[in-house]
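[1] Please work out how this folds:
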Amino acid sequence: MSPFFVIRLVLDFTAAGLLLAALAYWWLDNTSHELIGTGMFILLLSHNVFNRRWWTRLPKAARGRPNLLTIASNISIALAISTLLVTSVLISRAMFAFLPVSGGPTAREIHILAAYWAFILAAVHLGLHWSMIMTVTGRLLRVSAPRPIRTAALRAAAGAIAAWGIYSTFVMGIGDRLIARPSIDFWDFQESTIGFFLHHIAILGACGCAAHYAAVWLRWAGGVRRVTNAGE
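    Take a look at the predicted model:
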């Protein structure tokens, strides 16, 4: 396995971690929030540079047998991140304050909306590539071939995380955030900081599980359909 590929994977997870940290705006001062966001954008830019061949092959893939779930996921997250970047510049009070632009309250609302959609879509993106990630992790840790007991334990853990993640979406008001519904409920970081991150990690896990098993089901359904058509 190429060490370069492992480094890319670490950078991708770092970008996801920075996105999660940036969501804790009221825990940070504004300058720290903007520095974290800038670092995240740099890592995401490098991610797309490394994966530029996927984008160049997209027109040909769309004409063939495209993986619609992956294509929709990648394009959606690209749009969300682009919106996040533009609004970041418009409302910046530190990193880009020297620019003669101002977005006002509307740009701030769009920025928050794009941030939460980027978070959910990043979880979906992670889930769609989970099999590859587990394969790489298994090789790095030299884990033996899958065993029934270990597989069952991991699936049970994934189910527990997904259940907690569904609960966490209500605790954190994610539904309101995703439709830009005004809310005065903010997390009390003086009472608990770790709770904020644990809830969001659980939400990340729930969305990732949903995307992973949706992709598994679509592959299974596609295989069944091809077998059925071949037998007709």
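[2] For the helix or strand encompassing Asn74, C-alpha coordinates in PDB please.
    Assigned by DSSP states H and E, Asn74 belongs to helix 68-91. The C-alpha trace of helix 68-91 is given here as PDB (Å, rounded to 0.1, in the frame of the first residue of the first chain):
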ATOM      1  CA  LEU A  68     -25.600   7.800  -9.200                       C
ATOM      2  CA  LEU A  69     -25.300   7.800  -5.400                       C
ATOM      3  CA  THR A  70     -21.600   8.600  -5.500                       C
ATOM      4  CA  ILE A  71     -22.000  11.200  -8.200                       C
ATOM      5  CA  ALA A  72     -24.900  12.900  -6.400                       C
ATOM      6  CA  SER A  73     -23.000  12.900  -3.200                       C
ATOM      7  CA  ASN A  74     -19.800  14.400  -4.600                       C
ATOM      8  CA  ILE A  75     -21.500  17.100  -6.600                       C
ATOM      9  CA  SER A  76     -23.700  18.000  -3.600                       C
ATOM     10  CA  ILE A  77     -20.800  18.300  -1.200                       C
ATOM     11  CA  ALA A  78     -18.800  20.300  -3.700                       C
ATOM     12  CA  LEU A  79     -21.700  22.800  -4.000                       C
ATOM     13  CA  ALA A  80     -22.100  23.000  -0.200                       C
ATOM     14  CA  ILE A  81     -18.400  23.600   0.300                       C
ATOM     15  CA  SER A  82     -18.300  26.200  -2.500                       C
ATOM     16  CA  THR A  83     -21.200  28.000  -0.900                       C
ATOM     17  CA  LEU A  84     -19.500  27.800   2.500                       C
ATOM     18  CA  LEU A  85     -16.300  29.200   1.000                       C
ATOM     19  CA  VAL A  86     -18.000  32.200  -0.700                       C
ATOM     20  CA  THR A  87     -20.100  33.100   2.400                       C
ATOM     21  CA  SER A  88     -16.900  32.700   4.600                       C
ATOM     22  CA  VAL A  89     -15.200  35.400   2.600                       C
ATOM     23  CA  LEU A  90     -18.300  37.700   2.600                       C
ATOM     24  CA  ILE A  91     -18.800  37.600   6.400                       C
END
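[3] Name the next helix or strand following that helix along the chain.
    Per DSSP H and E, helix 68-91 leads on to helix 104-128 as the next helix or strand towards the C-terminus.
[4] Return the distance of Arg155 relative to Ile120.
    Distance from Arg155 to Ile120, counting by CB to CB, to the nearest Å: 23 Å. Yep, even glycine has a C-beta here, placed from its N, CA and C like the rest.
[5] no no, Leu79
    Relative to Ile120, Leu79 is positioned 13 Å away (CB to CB).
[6] now Phe41
    Phe41 sits 18 Å away from Ile120, going by CB to CB.
[7] These two - which one has more neighbours?
    Neighbours were counted for Phe41 and for Ile120 using other CB atoms under 10 Å; Ile120 has more, 21 against 17.
[8] hang on, isn't the more buried one packed against Leu178?
    Yes: at 6.9 Å, Ile120 and Leu178 qualify as touching, with contact defined as CB atoms under 8 Å.
[9] quick one: stretch 127-140 to chain centroid distance?
    Stretch 127-140 sits 16 Å away from the centroid of its parent chain (CA atoms, centre = their mean, to the nearest Å).
[10] That's all I had, so thanks and see you.
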